[in-house]
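> A predicted structure for the sequence below; I have some questions about it.
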Amino acid sequence: MKFWSFLLLSILCQLSVDAQVLKYTDGNNAWNADSLGNHRVVVHFNGTGKVAHVKIDWRRRDEHLELKKVIIQDATGKAFSVLSVENFSRESADIYFEAPTKGKYFVYYMPYKNEGRSNYPKGVYLKADNYTLNNANKIAINATALEIQSIDAFNSFYPMEVIATAKETAAVKSKNQSEAFIVFPEDRLFPIKMQNDLPYRWIQKGVSNTFSGSAKKGENYAFQFGVYALKDLKDVKVFFGDLKSSTGKIISAKYINCLNTNGISYDNKPLTKTVNVATGKVQAMWITVDVPRTTSAGIYTGRFAVKSNGKSKNIDVKLTVGNDVLADAGVGTPDKQTRLTWLNSAMAQANTVVAPYTPLKVEGNVISLLGRKFEINADGFPRQIQTFFNPEMTGYTEKPNNILYEPIHFHFYNTSKIQEKFVNGNFQITSKEAGMVKWTATSTSENLKMDIEGSLEFDGYVHYVVKVTALKDIDFSNVDFHIPFEKGSTKYLMGLGEKGGLRPDTVKWKWDVAHKNQDAVWIGNVNAGLYYNLRDEHYLRPLNTNFYLQKPLFLPKSWGNDGKGGIQINVKGSSMLADNFTGARTMKKDDELYYNFNLLITPFHLLDTDFQWSNRFYHKYGNLDSIKSAGATVINIHHATPINPWINYPFIEWKKMKSYIDEAHSKGLKVKIYNTVRELSNHAYEWPALRSLGTEVYSPGKGGGFSWLQEHLDSNYIAAWFVPEIKDAAIINSGMNRWHNYYVEGMNWLVKNVGIDGVYLDDVAFDRITMKRIKRVLTQDNHPGIIDLHSANQYNKNDGFNNSAILYLEHFPYLNRLWFGEYFDYQKNNSDFFLTEISGIPFGVMGEMLQDDGNPWRGMIYGMTSRLGWSEKSDPKPLWSAWDDFGIQGSEMIGCWSENCPVKTDNRKVLATVYKHKNKTMVALASWDETDVKVNLIIDWGKLGLSAEKVKISAPGIDKFQAAGNYLEGKSIPIEKGKGLILIFE
């Protein structure tokens with residue numbers, strides 16, 4: 001806010017003396033904007049009588065002004081009647097109102113009220129009154145408009161949202177009527193914000209074919225060309241060469257870029273974009289100049305050309321480079337748009353191996369990775385997939401867990417009994433790197449050619465591009481893609497409309513992308529499983545978390561086949577077959593179809609139970625001494641806090657954040673911050689530049705939402721999360737785009753300059769590529785790089801009935817903890833749902849509980865508690881104390897899901913998990929029975945390494961959890977419905 005106030009003050013010093021332009025000032029929150037609106041005109045009445053008539057030249061950017069109410073108040077807040085509004089336009093209006101005394105009055109001209117949910121408000125502008133002006137009150141102008149005030153500097157329209165009048169605009173067009181467009185060079189401190197109007201600032205400046213700016217050595221400098229279309233423009237581009245000084249020094253053109261047309265995509269591919277501009281629209285073309293640190297001081301000049309429709313406009317650019325050198329490229333002052341170059345960053349794209357993973361090893365057709373092996377068949381598809389994790393997920397075994405019953409394969413049926421017979425050839429491994437192995441293969445039949453490109457990464461992600469080309473016109477009765485699972489490795493299933501749990505005998509599923517965010521399934525055991533999804537070459541990640549229906553999946557042409565495709569999963573002999581079918585289809589000669597698919601081999605790594613016990617999260621900004629005394633070791637700083645106020649833009653109050661983190665580190669605490677990609681605060685300095693990129697960064701939508709968004713963005717956006725206390729209004733990101741490059745650079749900057757120890761992800765809208773990148777920058781130079789992921793249950797209409805774990809499974813390899821989440825029912829769902837959808841254990845991750853503060857007894861079965869600081873009732877401290885009294889650090893966790901668990905009960909609905917030390921053991925019991933029960937323990941004393949005759953079984957007293965007690969021989973132990981018990985064997 002300080003920046004906006006300073007900028008507004010600086011701009012006001014440059015105000016023209018033109019009488020038509022009012023002074024714009026900061027209202028310093030002097031009124032209640034939620035009832036009176038964000039803007040008002042200060043009017044001085046010095047006339048006779050009791051009726052004031054003022055003409056206001058307000059130059060408004062909003063449309064349909066006549067529908068919005070006008071409110072008049074005096075300096076005391078007393079309201080007076082509006083008698084009439086005449087000559088109402090976006091440029092000006094004549095307002096008549098009651099004025100019983102001379103003095104100052106305020107005209108509130110955009111009053112609104114918030115409707116809907118507090119965090120998703122709908123700003124509704126109050127409707128205008130109907131006025132009939134009495135002839136006796138139709139008087140000459142007798143009052144003066146002094147200034148236009150905004151509730152604060154951030155809401156101000158000045159100067160780039162103060163419109164030129166129709167007459168002024170017509171004059172500009174008249175002088176350039178033979179042109180296709182006009183170019184207005186503009187400084188970085190005045191980001192172009194309007195598409196539908198020229199700003200009055202450009203009328204004052206006039207049309208110019210020159211631009212001058214000043215930069216420092218090493219600075220990421222930026223400026224703009226505002227292209228005003230006098231005709232429909234196609235393929236607008238900016239051309240440029242080197243900038244040269246009079247002494248022959250240069251700033252090479254390779255350091256210059258137009259963000260709107262060229263860049264690097266989030267997945268490190270060259271990006272070119274086409275910019276079209278409709279008649280009467282304004283398009284900002286942002287130019288970045290990354291001045292090398294070695295540049296000699298001096299004046300550098302060059303000619304830029306804006307071209308479209310066979311027309312060209314030359315702009316002579318003069319950049320003065322000073323003597324000072326910026327070590328940080330100026331990114332410490334993002335209000336100067338110095339971070340725009342981050343949009344084209346390739347930071348952390350190198351596919352280096354991230355801990356705890358190990359380099360890939362290739363022996364023949366077998367690739368070994370952490371805890372797993374992947375064998376490739378001669379046709380390029382997987383022959384066998386194995387894991388080597390023990391059932392407890394705490395160690396490795398020599399005996400493999402086979403996932404496949406037979407190789408994965410396709411069937412192309414010409415009829416129900418006749419199919420294409422492929423001949424395999426040309427299989428070869430084309431690349432062997434520590435982080436990725438690639439291969440290709442080609443198979444042919446009489447009618448088809450199948451080209452395969454496959455790759456396996458160090459974390460267990462497998463990517464297949466399968467291009468099928470028709471050699472002749474051909475009809476198929478069906479195309480089947482078979483994944484034959486080893487039946488013994490398919491205990492659980494999650495996805496395709498099925499909640500996580502025991503695998504049903506049969507699953508039947510059809511594509512329905514308009515309503516369901518479903519294209520994937522996970523099938524497996526705790527220590528061996530396989531996720532797969534089906535896609536084609538046009539796949540785009542959809543929106544999620546409340547917004548799926550506004551940007552759903554595309555139906556893949558190959559797999560979906562106009563709705564004929566689907567999946568059936570059922571037991572077939574000794575295997576469990578996943579049959580992915582397409583139904584009948586026709587291919588013409590040279591037609592191509594892409595049957596792409598991806599695999600994730602689970603688990604990704606062993607459970608890190610010691611991390612779970614020692615890293616105790618506190619989810620609230622607060623006093624550090626109090627947090628430490630509560631026993632927490634890691635603090636999560638949410639947005640809407642003093643040191644991290646603006647959602648997903650933690651760069652404005654970074655100095656306060658650094659001070660807090662430095663103090664936390666001095667006390668032995670770690671600090672993570674809320675920072676994700678899904679929506680972005682309207683306080684981001686770069687929002688005008690991002691809007692100039694069309695819908696690349698911001699998703700298209702119906703607009704609306706909080707008043708600020710409506711007043712400054714007009715339309716074509718989706719309003720997202722809103723914090724009423726600080727009026728932070730976010731906008732939905734569009735999915736996969738260059739903002740992810742900025743995000744990675746931002747994380748890197750926060751690690752190096754602020755010292756964050758990790759990040760709290762609150763649902764995300766990026767894929768595994770960005771996830772790998774942020775893990776790399778967060779863990780650089782031995783930083784902790786702790787990442788926890790929160791997700792509200794996605795299994796609902798607005799989210800397309802997806803499973804949170806399915807949606808984010810590609811991110812799991814880089815997570816340290818899960819926090820699932822709102823709307824996850826810990827009371828009514830069974831233990832298998834807990835295990836597969838909430839705990840993270842089948843994937844090598846552990847978690848915490850959120851909804852209604854969790855179920856602490858059932859949570860202990862999976863090593864989970866609620867999260868301290870989240871709510872008043874969310875209090876794991878008593879359990880932490882019990883852990884410490886037992887000495888849980890270094891214990892061996894043997895979960896109830898493992899047949900090797902040495903303690904069980906005689907009630908299948910009362911489960912037991914063991915935490916084993918050499919001379920003592922802690923046993924967590926939890927009930928899913930419908931009634932209170934008594935259970936007997938079934939104990940394998942040999943596996944425990946304890947003597948039944950010498951062991952005492954007791955229940956320690958734990959506040960809000962259980963009373964102390966003794967249970968001789970573990971018999972007839974009472975367990976309440978929905979609760980449990982912690983026992984100590986020693």
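Everything's here; your move.

> Can you report phi and psi for the closest residue to Val634 other than its chain neighbours?
Leaving aside its sequence neighbours, Val634 sits nearest to Lys670 (CB to CB, 6 or more residues apart in numbering; 4.6 Å). Placement of C-beta: from N, CA and C, glycine included. Reported as degrees, to the nearest 10, the phi and psi values for Lys670 are phi -110, psi 150.

> do the same with the one 10 residues further on
For Leu680, the backbone dihedrals are phi -140, psi 130 (criterion: degrees, to the nearest 10).

> and the end-to-end length of stretch 501-516?
20 Å (CA to CA, to the nearest Å).

> tell me the mean pLDDT for that stretch?
Across stretch 501-516, pLDDT averages out at 97.

> cool, stretch 384-402 as well?
Rounded mean pLDDT across stretch 384-402 is 98.

> hang on, the earlier thing: now for the residue nearest to Val634: which residues touch it?
Asn615, Thr633, Val634, Ile635, Ala664, Asp757, Gly758, Pro784, Ile786 (CB atoms under 8 Å, 6 or more residues apart in numbering).

> now the residues you listed: which count as buried?
Asn615, Val634, Ile635, Ala664, Asp757, Gly758, Pro784, Ile786 (16 or more other CB atoms under 10 Å).

> wait, isn't the first one in contact with Val634?
Yes - between Asn615 and Val634 there is a contact at 5.2 Å, judged by CB atoms under 8 Å.

> who touches both of those two?
Lys670, Ile786.

> What number of residues are in the vicinity of the nearest residue to Asn517 once chain neighbours are set aside?
Among residues not flanking Asn517 along the chain, Gly800 sits closest, at 2.9 Å (CB to CB, 6+ apart). The local packing of Gly800 (other CB atoms under 10 Å) involves 24 other residues.

> Do I have it right that Lys122 meets Asn114?
Yes - Lys122 sits in contact with Asn114 when judged by CB under 8 Å, with a separation of 7.0 Å.

> Ser246: neighbour count?
9.

> quick one, what contacts it?
Ser246 neighbours (CB under 8 Å, 6+ apart): Gly298, Ile299.

> next one: phi and psi at it?
phi -70, psi -20.

> Repeat that for Lys551.
Given degrees, to the nearest 10, the pair of backbone angles that Lys551 has is phi -150, psi 80.

> wait, isn't it in contact with Arg541?
No - counting by CB under 8 Å, Arg541 is not a contact partner of Lys551; they are 9.0 Å apart.

> Overlap of the contact sets of the two?
With CB under 8 Å, 6+ apart, Lys551 and Arg541 have common neighbours Gly735.

> The two: who's more crowded?
Comparing Lys551 with Arg541 by other CB under 10 Å, the one with more neighbours is Lys551, at 19 against 13.

> so how far is Gly701 from the more buried one?
9 Å (CB to CB, to the nearest Å).

> now Ile148
Distance from Ile148 to Gly701, by CB to CB: 29 Å.

> Who has more neighbours out of the two?
Ile148 (26 against 21).

> can you confirm that one is in a strand?
Yes - counting by DSSP: H, G, I helix; E, B strand; the rest coil, Ile148 is found in a strand.

> List the beta-bridge partners for it.
Judged by DSSP bridges, the bridge partners of Ile148 are Tyr24, Val41.

> Next up, the contacts around it.
So Ile148 contacts Leu22, Lys23, Tyr24, Thr25, His39, Arg40, Val41, Val42, Trp58, Phe157, Tyr158 (CB under 8 Å, 6+ apart).

> Show me the residue at the heart of the chain, geometrically.
Val677 (2.3 Å; CA atoms, centre = their mean).

> can you give me the helices in the stretch 101-250 of the chain?
Ranges of helices within the stretch 101-250 of the chain are 166-175, 200-205, based on DSSP state H, counting those that start in this stretch.

> rewinding a little: closest to Ser245 among the contacts of Ile148?
Of all those, Ser245 sits closest to Tyr158, with 36.2 Å by CB to CB.

> Could you tell me how far that closest one is located from Tyr200?
For Tyr158 relative to Tyr200 (CB to CB), the value is 9 Å.

> same question, Val923
Where Tyr200 is concerned, Val923 sits at a distance of 75 Å (CB to CB).

> And those two? Which one has more around it.
Comparing Val923 with Tyr200 by other CB under 10 Å, the one with more neighbours is Val923, at 26 against 22.

> Surely that one is in a helix?
No - Val923 is assigned strand when assessed by three-state DSSP, not a helix.

> So for Asp562, what's the nearest residue that isn't a sequence neighbour?
Closest to Asp562 by CB to CB, 6+ apart is Leu555, at 7.7 Å.

> centre of the chain versus stretch 877-885, how much separation?
35 Å (CA atoms, centre = their mean, to the nearest Å).

> what pLDDT, on average, does it get?
On average, stretch 877-885 scores 98.

> Please point out which parts of that stretch sit buried.
Pro878, Leu879, Trp880, Ala882, Trp883.

> CA atoms only: put it into CSV for me.
C-alpha atoms of stretch 877-885 as CSV (Å, rounded to 0.1, in the frame of the first residue of the first chain):
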residue,chain,number,x,y,z
LYS,A,877,-0.3,-31.4,22.1
PRO,A,878,-1.5,-34.2,24.4
LEU,A,879,-0.6,-36.7,21.8
TRP,A,880,2.8,-35.1,21.1
SER,A,881,3.5,-35.4,24.9
ALA,A,882,2.4,-39.1,24.8
TRP,A,883,4.8,-39.6,21.8
ASP,A,884,7.6,-38.0,23.7
ASP,A,885,6.9,-39.9,26.9
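
> Just the residues contacting that stretch, thanks.
613, 616, 630-631, 856, 860, 865, 868, 889, 956, 958-961, 982.

> Would you check which pair of these lies furthest apart?
So for these, where distance means CB to CB, the most widely separated pair is Gln889 and Lys960, at 22.7 Å.

> the more surrounded of those two?
Neighbours were counted for Gln889 and for Lys960 using other CB under 10 Å; Gln889 has more, 13 against 10.

> who's in contact with the more buried one?
So Gln889 contacts Asp610, Trp613, Ser614, Trp883 (CB under 8 Å, 6+ apart).

> still on that earlier bit, JSON lines please, covering the contacts of Lys670 and showing pLDDT.
JSON lines is the format used below for the contacts of Lys670 (pLDDT from 0 to 100):
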{"residue": "Asn615", "pLDDT": "98"}
{"residue": "Thr633", "pLDDT": "98"}
{"residue": "Val634", "pLDDT": "98"}
{"residue": "Ile635", "pLDDT": "98"}
{"residue": "Ala664", "pLDDT": "98"}
{"residue": "Asp757", "pLDDT": "98"}
{"residue": "Gly758", "pLDDT": "98"}
{"residue": "Pro784", "pLDDT": "97"}
{"residue": "Ile786", "pLDDT": "98"}
